[in-house]
Structure formats: structure tokens, C-alpha cells
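In: take this sequence and fold it.
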Amino acid sequence: MEKSCTLLVHFDKSSPALANEIKEALEGNDVPAKIDAMRKAVMLLLNGEPLPQLFITVVRYVLPSEDHTIQKLLLLYLEIIDKTDARGRVLPEMILICQTLRNNLQHPNEYIRGSPCASSPLVPSVLSNLEHRHPFVRRNAVLAIMAIYKLPQGEQLLVDAPETIERLLSTEQDASTRRNAFLMLFQCAQDRALMQMVVLDLIRKVCRTNRAEKGKYIKIIIGLLDSASTSTAVSYECASTLVSLSSAPTAIRAAANTYCQLLLSQSDNNVKLIVLDRLNELRSAHRDIMVELIMDVLRALSSPNLDIRRKTIDIALELITPRNVDEVVMTLKKEVVKTQSGELEKNGEYRQMLVQAIHSCAIKFPEVAGNVVHLLMDYLGDSNVASAMDVVIFVREIIETNPKLRVSIITRLLDTFYQIRAARVCSCALWILGEYCLSLSEVESAIATIKQCLGDLPFYTLNSEETDSSDTSQKPSQVNSTATVSSRRPAVLADGTYATQSAASETAITAPTLAAGSLSSPGNLRSLILGGDFFLGAVVASNLTKIILRLEEVQPSKTEVNRAVSGALLIMVSMLQLGQSSVMPHPIDNDSYDRIVLCIRLLCNTGDEARKIWLQSCRQSFAKMLSDKQLREIEEIKAKAQVSHAQPDDLIDFYHLKSRKGMSQLELEDEVQDDLKRATGEFTKDGDDANKLNRILQLTGFSDPVYAEAYVTVHHYDIVLDVTVINRTKETLQNLCLELATMGDLKLVERPQNYILAPESSKQIRANIKVSSTETGVIFGNIVYETSNVLERNVVVLNDIHIDIMDYISPATCADVAFRNMWAEFEWENKVAVNTTIQDEKQFLEHIIKSTNMKCLTPPSALDGECGYLAANLYAKSVFGEDALVNLSGYIRIRSKTQGIALSLGDKITLKQKGGGSS
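Out: Predicted coordinates for the structure are as follows:
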């Protein structure tokens with residue numbers, strides 16, 4: 001034979017007039033005769049007969065035919081005949097064929113449109129069919145692209161064919177089309193990362209069905225990780241697959257190393273946040289392995305993004321051990337020093353996070369406190385008030401828990417006290433001086449420091465000419481124009497109740513108006529008190545009283561004691577005089593006035609019982625508060641450490657009786673870890689059947705022609721609806737489509753597909769919905785289908801699916817200071833009246849906590865006793881980082897930064913608070 005033959009079918013060619021008969025049959029109008037003639041022509045061509053005289057007849061009489069069988073035979077005919085001359089050039093008559101094939105590619109009939117494929121004039125039409133609504137057209141268009149791409153010059157005709165097919169795979173749902181697309185990439189672009197993704201997906205599916213074989217596949221994944229040509233996306237998927245398949249230390253260590261490399265190599269902040277989430281999951285399940293990589297994780301602090309830094313610090317704090325705590329604290333100290341440069345806007349907030357982290361390290365490992373406390377005390381005068389507050393609270397706790405550091409901390413605090421510019425920080429620093437200055441030198445230094453910061457007394461004097469009415473009317477206006485404006489606002493106390501607080505602005509402190517008799521450069525305490533902060537004045541009075549009482553115990557000279565008492569009394573009387581004068585923006589509040597008067601009376605007449613209360617009880621209460629806090633943390637750690645135990649009737653698998661023949665070290669490790677999980681009960685079933693039933697929602701009625709129910713799976717950032725559709729009729733439903741719409745911050749991911757449903761058969765349809773915020777969303781829609789008897793489309797309306805806010809919020813903790821700051825900042829408040837049949841306050845609180853999935857921040861010791869009234873703070877955090885605050889005292893007040901979470905949580909509480917009575 002002159003050319004290669006791919007197919008040889010025996011056919012009897014004995015009749016010489018067969019070609020003429022075929023020609024006559026093709027020219028006729030009888031469709032069956034044409035079909036038979038085309039079959040004979042194809043058989044003759046396959047057996048080596050060229051039949052050149054039939055070509056024009058086929059073009060004239062067969063090409064215009066609309067019959068599907070004739071069109072299919074025509075394509076076979078065109079596939080077989082010679083399309084080039086002896087020199088390899090395309091025959092001129094092929095132009096007629098190409099035009100007809102192009103018309104077929106644009107034909108309204110899916111079968112005719114999906115059948116033909118050829119060369120360059122057809123490429124745009126073939127590409128357009130990749131987006132056709134019918135899967136038959138799309139799957140054949142993929143095969144056409146593969147055929148064109150494999151031609152000798154095919155890469156020039158379709159330069160971006162692999163990229164086009166890869167984009168198609170990301171959205172395609174039809175299995176046959178996806179199979180053809182994978183086949184095209186496998187044969188034409190093996191280096192595409194998508195092929196490695198397919199291999200990983202296949203490994204996951206195989207290992208789920210046959211877990212005994214997963215050891216050999218894990219070695220493949222690790223080999224893929226070690227490959228230099230592996231892309232970042234494939235590396236991430238390899239690490240995720242390793243974690244999901246195996247608990248072997250080698251596999252987990254390889255996955256963790258991969259995540260750490262991605263964390264450092266990727267510049268996209270979103271990628272870094274996702275990788276940090278995966279590392280946090282590894283930290284929860286495999287802490288011992290992650291401890292080895294803590295310094296690699298901390299390298300992510302080089303990112304300027306605060307969210308990345310916060311997550312990195314949170315992960316590192318959970319991995320601290322006695323071995324690595326020194327390295328971690330040293331790294332955090334270096335980062336604190338770096339924040340002194342003003343290059344970044346949010347250095348103050350970052351410094352606050354670092355201080356809190358060091359505080360946590362020092363509480364867990366007190367031996368490192370001495371290395372950091374003196375460095376952090378340099379930031380007591382930080383312009384960021386929140387950061388300075390964290391420092392002073394850290395110092396207050398360290399000086400109580402580390403008595404060896406008391407002397408050095410007091411000395412350092414006295415040296416740096418004048419730098420403090422925030423009233424709240426001054427108050428806490430004064431309390432430390434009042435409680436922990438014990439020796440004579442310390443007490444005298446503390447008194448001298450306070451007097452120096454207050455300046456000369458009195459705080460103001462009135463001249464004789466200022467007694468005139470005109471001058472006295474002008475004097476307040478002059479003072480008011482330059483004094484720091486104070487604010488009055490309700491504050492949330494630690495027990496959740498409200499109180500009115502009068503305080504000067506702490507974020508921006510301006511120089512006060514200097515009355516006659518004051519220093520030219522006043523101290524920090526004088527500036528704040530002249531600005532109208534009399535609460536700070538009361539704090540100065542009370543702690544100065546403590547120091548004087550301590551001086552009476554350590555100073556043998558009565559003369560010196562009396563001199564100090566008279567100086568303290570002068571300071572307190574001067575503050576009362578200033579508070580009642582007309583030169584201030586507002587008079588002293590009653591609470592501060594009563595407090596200062598109490599201190600004056602105490603210094604004038606001190607009893608033994610009062611001395612004991614002032615010098616001992618306050619410090620004892622603080623020590624008890626710290627011990628209660630540590631006890632709660634220990635109980636929380638124990639609760640997290642509890643693991644489920646194996647059931648009595650579970651199967652026992654003896655590892656030592658297994659055959660080890662042919663198993664690698666990795667496979668042995670994997671087997672050991674699986675057995676340990678079985679022994680400790682960590683292997684759980686896919687889900688409790690009762691919980692699954694609770695998630696199944698009926699979408700249509702039992703009498704509807706189409707019955708549908710949905711199983712709702714809620715992940716962090718998306719919702720998966722597995723909808724089961726059952727055809728309850730006796731006829732085939734065509735173009736059945738599940739149309740969904742959403743209300744709220746929900747978004748459908750995929751376009752709906754059409755299905756054909758046989759009589760009394762069922763179909764599983766999956767819909768993915770993205771979630772972008774925490775609020776109650778609603779999914780509604782309908783099922784549309786066609787039948788063979790009715791031309792109109794039928795519609796079955798579905799029941800609404802309500803997405804519960806409880807799926808997105810989880811209990812969390814925060815400091816009391818942070819809770820109050822957020823309460824003051826958040827603008828959305830939802831006030832819910834208490835309406836319940838529960839009589840006991842604590843039982844009602846427990847019911848609200850259980851219903852809202854929140855955590856009570858109020859310590860149990862504050863809730864003890866029977867007083868008939870309860871005040872508590874609740875806190876939760878959503879998966880999107882949103883904060884939800886609840887204050888329970890008389891009313892249930894909900895505050896959040898966004899409207900959706902406040903309204904949704906209020907609706908949930910309104911719905912659930914009555915339910916506790918029946919239960």
C-alpha cells in the first residue's frame with residue numbers, strides 16, 4: 001500500500017458499476033437510499049478506492065442535508081478522503097467544505113454544532129463553543145481544540161490553548177467535558193500545574209476508599225514537594241494533602257516546612273493569612289512538631305501588615321516552651337526596638353501587640369521577666385495610650401508575682417514617672433508606688449517625685465484686681481480657651497454596670513493654662529489636673545495617703561512624718577480649692593471630692609483598722625485577683641487537653657502483630673500514628689447521624705411533582721448545599737434547573753446547570769455560596785423544568801433557607817480594657833428587653849451564653865452570692881474578625897462595628913431567651 005492504513009474493513013468490490021449507483025442514489029431525494037450510498041462510499045474509500053468523481057456530488061447533494069445520520073457519515077467521508085495534493089497543499093475544493101463546517105459550528109442544533117472540527121478558519125467558532133450552554137457542544141469543542149493543537153502547525157493556530165482549557169476546568173461542571181479537558185492537558189501540556197493538582201486529587205480519593213495503600217502515595221507527595229519545578233500552588237496542595245492523609249511526624253514536618261517557606265516567599269498578604277491559618281491548625285493537632293519551627297514562624301513579623309503580625313504572634317505564643325522562650329522573647333524585644341522608628345503609621349499598635357506578647361511570656365515563664373521589664377518601662381510615656389497601658393499593667397503584675405524584681409522596678413518607675421503623659425497610665429503607676437514602696441528611701445523618693453510632678457502650690461492665685469466683676473467674667477473665658485477640654489461620658493465598669501466618668505483627653509495632651517504661682521514648665525500630674533481631670537487628683541490623694549501611712553511605719557523621726565503629712569494635706573486642700581474655683585471648665589465631681597476629703601480625714605486621725613485596710617487589704621485583693629486569673633487559665637488548658645476515649649465495643653487492632661514486610665519507615669510511622677489515634681479515640685466518624693438529620697431541610701412539599709431537600713454544610717467562608725431532587729412523575733423532565741438567589745452578604749459561585757431527570761429517578765445537585773460577613777442570610781429559589789407534553793416551563797417554588805449567625809461566631813476572650821474601648825468605639829447598638837420565664841439570674845445567664853455561643857468575660861468570683869441583680873459582659877469573635885459585645889444588666893445590650901451582626905444577634909437572643917423556661 002502507498003500510504004499508512006489505520007483501519008481496514010473487508011468490503012466486496014466485485015461490482016464495477018457500484019460508483020455510478022452510489023452517485024445516482026446521492027443525487028436522489030430518498031434519505032434512506034442516501035444513507036446507504038454514503039455507507040458504501042465510506043467502505044470503498046477505506047478499502048483503497050479513491051472515488052474522485054463523488055466529491056462534487058457530495059458537495060452539491062449531501063452537504064445541505066439536515067439528517068443527522070447523513071451528517072455523521074459525511075464527516076466520516078471527509079475524514080477519509082485526501083485533502084491535499086502531491087505537494088502537500090490543501091486542495092482548492094476544500095474551501096467549500098470549510099465554509100459548510102463553519103456554518104455547522106454555528107447551527108442552532110446542538111448535535112450538528114458539536115460534531116465538526118477542522119482548521120484555521122474554524123478556530124474562532126470552535127473557541128466560542130467552549131461557552132455553549134449544552135455540555136455535548138463543550139466536550140466536542142475541547143476535542144476539536146486538542147486536534148487542532150496537535151497539528152504540525154497547531155501551536156501557532158492556538159497559542160493559548162492550554163491556558164484556555166485550564167480556565168475552562170475551573171468553572172466546568174460536566175464530567176465528560178472535564179475528562180476531555182484533562183486529556184487535552186495531559187497530551188499537550190504535561191508541565192501545567194493543573195495536572196499535578198489532578199494527581200493530588202486522585203490520591204486523596206484513592207486514599208479515602210483504600211486507606212491501607214496510602215503509605216506509598218504519601219511518598220509520592222513528599223517527592224513532589226521536594227521537586228524544584230513544583231509551583232507554589234502545588235506545594236500548598238501537597239502540604240494540605242499530607243496533613244489530611246497522615247499524622248506521621250515525617251509527613252507533618254514536611255508539610256509544616258512547606259507552609260513556612262510559602263509564608264516567607266509569598267508577597268500576597270491574603271496568601272500569608274491563609275498559610276498562617278493552616279499553621280495554626282497544625283499547631284492545634286501537632287504542637288510538638290510545630291515547636292521546632294517557632295523561629296521560622298516568627299520570621300513572618302517582617303511583614304508590615306498588622307493582621308499577619310497578630311496571627312503570627314498568636315501562633316508563637318501557643319508554641320512557647322522553657323527551651324525556646326529566651327529566643328522568642330529576644331526576638332520580640334528586637335521588634336519592640338524597631339518600632340521606635342517612625343517609618344510606619346501603626347507602629348504604636350504593633351508595639352502594643354508586642355508588649356502583650358511579652359507580658360504573656362513573662363506570666364508563663366517568670367524567669368524571663370527580668371530581661372524585658374526594664375526595657376518596656378521606657379515606653380510608659382508612649383504617645384499610644386493603649387500601648388503604655390499594657391506596659392504599666394504588665395509592670396503591675398510582674399512586681400506582684402516576682403518579688404525579687406520589686407526594688408529595681410520601683411527605682412526604674414521613679415526615674416521614668418515624669419515621662420508619663422496619659423492619665424490612666426499615671427493612675428496605675430501611682431497605685432504601684434503606693435503599694436510597693438516599702439523602705440524608707442523608696443517612700444521618701446516617691447513623695448518627692450509626686451511633689452515634683454505636681455509643681456508649686458497652690459495651683460492658682462487670684463490677684464486683687466481680678467475681684468472686679470468685669471475681670472472675673474473675662475478670666476474664665478481666657479482659661480477656658482486654652483485649657484484642655486475634658487469629656488463626660490458613660491463608662492462600663494468591670495462588673496458591666498455604667499458609671500459617669502469625667503476625664504481629660506488622653507490621646508493629645510496640650511500645655512495647660514498656667515495660673516499665677518505655677519511653674520514655667522509644669523509636671524505631668526499638674527498638667528492633667530489643671531486640665532480638669534479630678535479623678536486623677538483623687539488617685540494622687542489616695543496613693544499619697546498610703547505612702548504617708550507607710551512612712552509612719554518606717555520613719556523613726558516624728559518631725560519628718562509630721563512634715564510629710566502637712567505637705568500631703570496642703571496638696572489635697574489645693575486640689576479641692578482648684579476644683580471648686582470658677583477658673584476651671586467644670587467643677588470637681590462628687591466622687592472625687594468625697595475621696596479626697598476621706599484621705600484628709602484619714603491623715604488627721606488614723607486608726608489601726610483603717611491602716612490595715614489601706615496598707616494590706618488592697619494588695620491582698622490584687623493578689624487574689626491574679627491567682628483567680630491563673631486558676632481560670634489552668635482550667636481552660638485542662639479542658640482543651642481533654643480528649644475523647646475509645647468506646648468499649650470498638651475494634652482493637654494490634655500493631656505488633658502486623659506484617660512489616662516491604663514497608664518503608666514513613667509507612668511504619670503512619671501506621672503507628674493511626675493506631676495511636678484509634679487508641680485515644682481521635683478517629684471519629686464522618687458525623688453523627690442525628691446531627692446530619694438536623695441539617696437536612698425540606699425545600700418542597702410531598703405533593704409537588706419534584707421533591708427536593710438540602711443538606712447544608714457551613715464552612716468558614718462558604719456554604720455548600722447538597723440538594724437531592726427526586727422526579728415523582730411518570731415522565732422525563734428536561735432542562736431541569738435549580739435556580740437560587742440570596743439575600744444578605746451571600747453570593748452564588750457557579751452558574752446553574754440543566755439536567756435531564758428520568759421518571760422516578762433522583763439527582764444530586766451541589767451549590768456553593770460564598771459568605772462575606774457575619775449576619776443572618778436567606779437563600780431562596782425555585783426548580784424549573786420542561787416536559788415533553790407541555791411547551792411551557794414548570795416552576796416549583798422552594799422554601800427559604802435561613803443561615804444561622806451561630807455558625808460564624810465562636811467564643812473568644814479579650815482584656816477588660818479592650819472590651820471597654822470597643823464598647824465606646826462601636827456605633828451599632830441593639831437593645832433587647834429581658835423577657836423570660838427563668839427566675840434564677842445565673843441560670844438565665846447560662847442560657848444566653850449557650851444560645852449565643854459567646855464567652856462570659858466576668859469572672860465567676862464576681863458572680864458569686866445572692867443579691868437579686870446580675871451584671872455580666874459576653875464576648876465572641878466571628879470568622880471574619882468581627883467583634884460581638886454583649887452587656888447583660890437590666891437590658892441585653894449588643895454592640896458591634898457593623899449593623900448586621902448586632903441585628904442578627906439581637907434577633908437570635910429575642911428568639912431564644914424565652915426557650916429556657918420550657919427547658
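In: got the contact list for stretch 175-183?
Out: Counting by C-beta atoms under 8 Å, 6 or more residues apart in numbering, stretch 175-183 makes contact with 135, 138-139, 142-143, 146, 165, 168-169, 172, 195, 198, all of which sit outside it. Yep, even glycine has a C-beta here, placed from its N, CA and C like the rest.
In: the stretch 1-150 of the chain: helices as residue ranges?
Out: 18-27, 31-46, 55-57, 68-80, 94-105, 110-114, 123-128, 135-149 (DSSP state H, counting those that start in this stretch).
In: so for L433, which of those sits nearest?
Out: In this view, the helices of the stretch 1-150 of the chain are compared for proximity to L433 by C-beta to C-beta, and helix 135-149 is the closest at 78.2 Å.
In: quick one on the thing from earlier: right, and the helices of the stretch 1-150 of the chain - which one's nearest I548?
Out: Scanning those with C-beta to C-beta as the criterion, the closest one proves to be helix 135-149, at 88.8 Å.
In: pLDDT below threshold where in the stretch 801-919 of the chain?
Out: 914-919 (pLDDT under 70).
In: got it, and the stretch 1-150 of the chain?
Out: Under the criterion pLDDT under 70, the flagged ranges of the stretch 1-150 of the chain are 1-17, 83, 85-86, 88-90, 92-122.
In: apply 80 and report the result again.
Out: Across the stretch 1-150 of the chain, residues meeting the criterion (pLDDT under 80) sit at 1-20, 23-24, 26-27, 44-66, 68, 70-72, 74-126, 133, 148-150.
In: and for the stretch 501-650 of the chain?
Out: The stretch 501-650 of the chain contains residues with pLDDT under 80 at 501-524, 606-608, 630, 632-650.
In: where do the helices sit along it?
Out: Assigned by DSSP H, counting those that start in this stretch, the stretch 501-650 of the chain shows helices spanning 524-530, 534-554, 558-579, 590-604, 608-612, 618-641.
In: would you mind finding the most buried of those?
Out: Among these, the stretch with the highest mean neighbour count (mean count of other C-beta atoms under 10 Å) is helix 524-530, at a mean of 25.
In: elements contacting that helix?
Out: Of the remaining helices and strands, those touching helix 524-530 by 3 or more C-beta pairs under 8 Å, 6 or more residues apart in numbering; DSSP states H and E are helix 423-436, helix 440-454, helix 534-554, helix 558-579.
In: neighbours around W823, how many?
Out: Under the neighbour criterion other C-beta atoms under 10 Å, W823 is assigned a count of 18.
In: likewise C426?
Out: 24.
In: how about it: what's its closest non-neighbour residue?
Out: Using C-beta to C-beta, 6 or more residues apart in numbering and skipping the chain neighbours, the partner closest in space to C426 is I420 (5.2 Å).
In: what of G781?
Out: Ranked by C-beta to C-beta, 6+ apart and with sequence neighbours excluded, the top spatial neighbour of G781 is L740, at 3.9 Å.
In: so what's the one you found up against?
Out: Contacts here follow C-beta under 8 Å, 6+ apart; on that basis L740 touches 721, 748, 752, 767, 769, 779-781.
In: let me see the confidence value for it.
Out: L740 is assigned 87 on the pLDDT scale.
In: phi and psi next, for it.
Out: The main-chain torsion angles of L740 are listed as degrees, to the nearest 10 and equal phi -120, psi 150.
In: cool, N29 as well?
Out: phi -100, psi 0.
In: neighbours of it, just the number please.
Out: 7.
In: now swap in F780 and tell me
Out: Other residues near F780 number 16, with proximity taken as other C-beta under 10 Å.
In: what about it, which SS state?
Out: strand (DSSP: H, G, I helix; E, B strand; the rest coil).
In: surely it meets I801?
Out: Yes. With contact defined as C-beta atoms under 8 Å, F780 counts as touching I801 (7.3 Å).
In: now do the same contact list for the residue nearest to L354 when sequence neighbours are not counted.
Out: Take L354 and drop its neighbours on the chain: the residue closest to it by C-beta to C-beta, 6+ apart is V336, 5.0 Å away. For V336, the contact set (C-beta under 8 Å, 6+ apart) comprises 351, 354-355, 358, 375-376, 379.
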